[in-house]
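Student: could you work out the structure for the sequence below:
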Amino acid sequence: MADLFADDAPPPARNDEPREDAPLADRLRPRSLVEIIGQEHLTGPEGAIGRMVAAGRLSSMILWGPPGTGKTSIARLLADAVGMRFVAVSAVFSGVADLKKAFAEADRAAQAGQKTLLFVDEIHRFNRAQQDGFLPFVERGTVTLVGATTENPSFELNAALLSRAQVLILERLDSEALGKLLDRAEALEGALPLTGEARAALVASADGDGRFLLNQAETLYNAQIAEPLDPAALGKFLQRRVAVYDKDREGHYNLISALHKSLRGSDPQAALYYLARMLTAGEEPLYVLRRLVRFASEDIGLADPNALVQCLAAKDAYDFLGSPEGELAVVQACLYCATAPKSNAAYAAQKAAFKSARETGSLMPPQSILNAPTKLMKEIGYGQGYAYDHDADEGFSGANYWPEGMEPQTYYTPVERGFERKVKERIEYWDKLRRERGQ
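Tutor: Now for the predicted structure:
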């Protein structure tokens, strides 16, 4: 057969070319396996798929990976590469009757000397009995099964089915792979109306999903934007609208803002005044308590961990006593928060960590710290090399817990106030141990 990986290898003939008005992602669909982006560990000459295609024989397989990474394209192109019939069913839309029909057609094709590749999208959505129904047809070679799933096969697929299929793991598309997809889109449609920084932001927003990225690019093309968008303008263009507060109750929000800022400013007298203004005007005490609970985490945090306990205890007391007796518990929580040492370190850490999580998307943790409850997960390296901290000197291994390719970050910086002073000392001590151990 022709060398799949030769630069001059012609793409296989197709009879299902997309229409000119088809979505951009469909028009950019790969025409051969060499055009698949980001999965070279599988489709390259040394990869499992590359080797099977070079040999001209396919085994049943499960393609496991995030959305938009090429599972459907790989299955379709596999059939082309080895000259097999391609039949696709979806576990979302297909039932037992559809499967019976597919197997019967595959039987007739086999008698005529034509092998069938049966692609089952979202295969994990079939129940256990339906999955068992595949077994006899896979075992006698009526079909070569290629299943696609975004879920862990160890938990979602029958052991009997897994034993008859090779699990191949697709990786989320990195920024380089996503950039190549945009290059292909621009070669077809022209330059995107984006600055260089905005283009990078668009790639980051895709979180490894090539289909999502191309859909976003198509939205930009369809809008016929005259001037290139910068990152801020791109964010405004693509984001959804959010609801705003009802301005009919502006006084309500003015008072809660004044209460919050008085608490933050450690002025118990002013805080008590605004609390009284709200309660005497008929404000719901439980609303005020919700704001106090939030304040205890946002503006006090670990400087005084007991502030959150006090606020929740006040909520329980009010639930038990009701008004007016329970309102004294609200006052007590308010005064406790106003006079407690302040720190927004936990709040700042949350914002920084959430921002980082959105930017890095679905990076996998190191395999050494992943649980491996199944044989498959152990075989692919989950849990190997884990350092159990309780066995280390001083109960601290100093291991690296960050995803591969991501530098350790500092989100939480304790202040020199209240209990956080002790937390700061602990963190500094652990950092010292890491440096001494060269980690």
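Student: can you tell me which residues contact the closest residue to Tyr412 other than its chain neighbours?
Tutor: Closest residue in space to Tyr412, ignoring its immediate chain neighbours: Ala349 at 3.7 Å, by CB to CB, 6 or more residues apart in numbering. All C-beta spots, glycine's among them, are computed from the backbone N, C-alpha and C. For Ala349, the contact set (CB atoms under 8 Å, 6 or more residues apart in numbering) comprises Tyr411, Tyr412, Thr413.
Student: among the residues you listed, which one has the most neighbours?
Tutor: Among the contacts of Ala349, the one with the most neighbours (other CB atoms under 10 Å) is Tyr412, at 18 neighbours.
Student: pretty sure it sits in a helix.
Tutor: No: read with DSSP: H, G, I helix; E, B strand; the rest coil, Tyr412 is coil and lies in no helix.
Student: phi first, then psi, for it.
Tutor: Main-chain torsions, Tyr412, degrees, to the nearest 10: phi -100, psi 120.
Student: Met52 in helix, strand or coil?
Tutor: Assignment for Met52 (three-state DSSP): helix.
Student: now the helices for the stretch 201-350 of the chain?
Tutor: 210-223, 231-238, 250-264, 268-280, 285-295, 306-321, 327-339, 345-360 (DSSP state H, counting those that start in this stretch).
Student: which ones are touching the residue most central in space within the chain?
Tutor: With distances taken as CA atoms, centre = their mean, Ser362 lies nearest the centre of the chain, 4.3 Å away. Residues in contact with Ser362 (CB under 8 Å, 6+ apart) are Pro66, Arg172, Asp207, Gly208.
Student: how about Lys315?
Tutor: Contacts of Lys315 by CB under 8 Å, 6+ apart are Leu286, Leu289, Val293.
Student: can you check Glu122 too?
Tutor: The contact partners of Glu122, taken as CB under 8 Å, 6+ apart, are Ser90, Ala91, Val92, Ala148, Thr149, Thr150.
Student: how far away is it from Ser154?
Tutor: Separation of Glu122 from Ser154 (CB to CB, to the nearest Å) stands at 17 Å.
Student: I'd like the mean pLDDT over the host helix or strand of Phe119, please.
Tutor: Secondary-structure assignment from DSSP states H and E places Phe119 in strand 116-121. Strand 116-121 carries an average pLDDT of 96.
Student: starting from it, tell me the next helix or strand along the chain.
Tutor: helix 128-132.
Student: state the mean pLDDT of that following helix.
Tutor: 89.
Student: tell me what that helix is packed against?
Tutor: helix 159-162 (3 or more CB pairs under 8 Å, 6 or more residues apart in numbering; DSSP states H and E).
Student: moving C-terminal of the helix it packs on, what's the next helix or strand?
Tutor: Using DSSP H and E, the first helix or strand after helix 159-162 is strand 166-169.
Student: and that next one, which strands flank it?
Tutor: When pairs are called by DSSP bridges, strand 166-169 turns out to pair with strand 61-64 (parallel).
Student: let me know how buried Ala177 is, in neighbour terms.
Tutor: Using other CB under 10 Å, Ala177 is surrounded by 21 other residues.
Student: any idea which element it lies in?
Tutor: Using DSSP H and E, Ala177 falls in helix 175-189.
Student: if we can go back for a sec, between the contacts of Glu122, which is nearest Arg108?
Tutor: Ser90 (22.3 Å; CB to CB).
Student: gap between Arg76 and Gly113?
Tutor: Arg76 is 21 Å from Gly113, by CB to CB.
Student: with Ala55 instead?
Tutor: To Gly113, Ala55 is 19 Å away according to CB to CB.
Student: look at those two and report which has more neighbours.
Tutor: Ala55 (10 against 6).
Student: low-confidence ranges, the stretch 1-150 of the chain, go.
Tutor: 1-17 (pLDDT under 70).
Student: show me where it has helices.
Tutor: Going by DSSP H, counting those that start in this stretch, the stretch 1-150 of the chain shows helices at 24-27, 40-43, 48-55, 71-82, 96-111, 128-132, 135-139.
Student: adding distance to Ala353, write those out as CSV.
Tutor: Below are the helices of the stretch 1-150 of the chain laid out as CSV (distance: least, CB to CB, whole Å):
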stretch, distance to Ala353
helix 24-27, 32
helix 40-43, 30
helix 48-55, 36
helix 71-82, 31
helix 96-111, 45
helix 128-132, 39
helix 135-139, 45
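Student: thinking again about what came up before, and the pLDDT for the residue nearest to Tyr412?
Tutor: 96.
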